[in-house]
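> Provided below for reference: sequence and predicted model.
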Amino acid sequence: MPAFLLAMALLAGQDWLYHPASAAAQDTTESDSTGVLGRLVARENRHPIASARVQIVGTHTTTTTDSAGGFELLGLPPGVVVVEIRAPGYQPGTWRITLAPKQVLLHEFQLDLLAYQLPGVVVEGERRQVRFADFERRRRSGIGSFVTQEQIERANPTSLIDILVTVRGVEQICLTNDCVAKMVRSPPGCYPQYFLDGEESTPYFARHTPPRDVKGVEIYRGSSEIPGEFLGTNSGCGVIAIWTKSSP
């Protein structure tokens, strides 16, 4: 039996659950290649999800799931890879996986349904819940650093830079009359890309957001950490994503 069909048979016959905090599946199979053989299902009913986009974050390596939810990504470099999966009607998922040389990882991936909205009806509270659910999902994945509303309120900072520089790997650079955040491992003059409520923002506008208005902050210090939704025009210098309380 070909390796991919064998992987699908194994996945279909076992009740595997994926926990984002442990970003590795348990079984492997030897091969001349290094990669991932997966099956994508809906979490609530385990039905296969077809035509989903699967990507290795930070690369051009992509594929789509077949009618049984199956996919394969072979020929990957050994080490840590970040798998991102997107499907219409489902919340995107991100998994951090460590691959040994010539290891093919077999795993069942699961996505959650998006909250359903009646056509033409916008419930602001529900939209915010979905948005912050993505924030919590990424925080639980263990990739990047996160500052919550509670941490900001406890610190009572006078400016956003005061809280950003408490994160490991972030330093403060003062230029003339303004101080900015910079990733420690970025070269001189290389400053992070800012996102404000999911959209690319100018650094000046974003970093002067009043701390009392901030719901949460995501900090990604390099390209290996950055989720696909934050791959912007200057993401190579790191990403700081700010979520405010008031935006829907």
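Yep, it's here. Because the structure is predicted, anything quoted here is derived from the model rather than measured.

> Quick check: which element contains the residue lying closest to residue 178 once chain neighbours are set aside?
Spatial nearest neighbour of residue 178, excluding adjacent residues (Cβ to Cβ, 6 or more residues apart in numbering): residue 204 at 7.9 Å. C-beta coordinates here come from the backbone N, C-alpha and C atoms, glycine included. Here residue 204 sits within helix 203-207, counting by DSSP states H and E.

> How far off centre is that helix?
Distance, stretch centre to chain centre, for helix 203-207: 22 Å (Cα atoms, centre = their mean, to the nearest Å).

> Sort out which residues of that helix are buried, please.
Using 16 or more other Cβ atoms under 10 Å as the test for burial, helix 203-207 gives 203, 206-207.

> Any figure for the gap between the residue nearest to residue 178 and residue 114?
Counting by Cβ to Cβ, to the nearest Å, the gap from residue 204 to residue 114 is 33 Å.

> now residue 226
22 Å.

> Could you check the protein and say which of its helices or strands has the lowest average pLDDT?
Across the helices and strands of the chain, mean confidence by mean pLDDT, DSSP states H and E is lowest for strand 27-30: a mean of 43.

> returning to that earlier point: looking at the buried residues of helix 203-207, spot the one nearest residue 213.
The shortest approach to residue 213 among the buried residues of helix 203-207 belongs to residue 206, at 11.7 Å (Cβ to Cβ).

> List the contacts of the closest residue to that closest one other than its chain neighbours.
Leaving aside its chain neighbours, residue 206 sits nearest to residue 194 (3.7 Å; criterion: Cβ to Cβ, 6+ apart). Applying Cβ atoms under 8 Å, 6 or more residues apart in numbering to residue 194 gives the contacts 200-203, 206-207, 239-242.

> now do 7 Å
201, 203, 206-207, 240, 242 (Cβ atoms under 7 Å, 6 or more residues apart in numbering).

> Just the closest of these to residue 142, please.
The shortest approach to residue 142 among the contacts of residue 194 belongs to residue 240, at 18.3 Å (Cβ to Cβ).

> would you say the closest one is within a strand?
Yes: with DSSP: H, G, I helix; E, B strand; the rest coil as the criterion, residue 240 is part of a strand.

> Per-residue pLDDT of it, please?
Note on residue 240: pLDDT of 92.

> thinking again about what came up before, so what touches the helix holding residue 204?
Taking Cβ under 7 Å, 6+ apart as the rule, helix 203-207 contacts 160-161, 180-181, 191, 194, 196, 242.

> Just after that helix, pick out the following helix or strand.
Downstream of helix 203-207, the first helix or strand assigned by DSSP H and E is strand 214-220.

> mind checking how far that following strand is from the chain centre?
From the chain centre to the centre of strand 214-220 is a distance of 13 Å (Cα atoms, centre = their mean).

> so what's residue 171 bridging to?
Per DSSP bridges, the residues bridged to residue 171 are residue 182.

> Could you report the neighbour count for it?
With neighbours defined by other Cβ atoms under 10 Å, the count for residue 171 comes to 14.

> Around residue 41, count how many other residues there are.
22.

> pLDDT value on it, please?
At residue 41, the pLDDT value in this model is 95.

> quick one: which helix or strand includes it?
According to DSSP H and E, residue 41 maps onto strand 35-42.

> what does that strand contact?
So strand 35-42 is contacted by 3-4, 7-8, 11, 47-49, 52, 65, 69-76, 83, 85, 97, 104-111, 113 (Cβ under 7 Å, 6+ apart).
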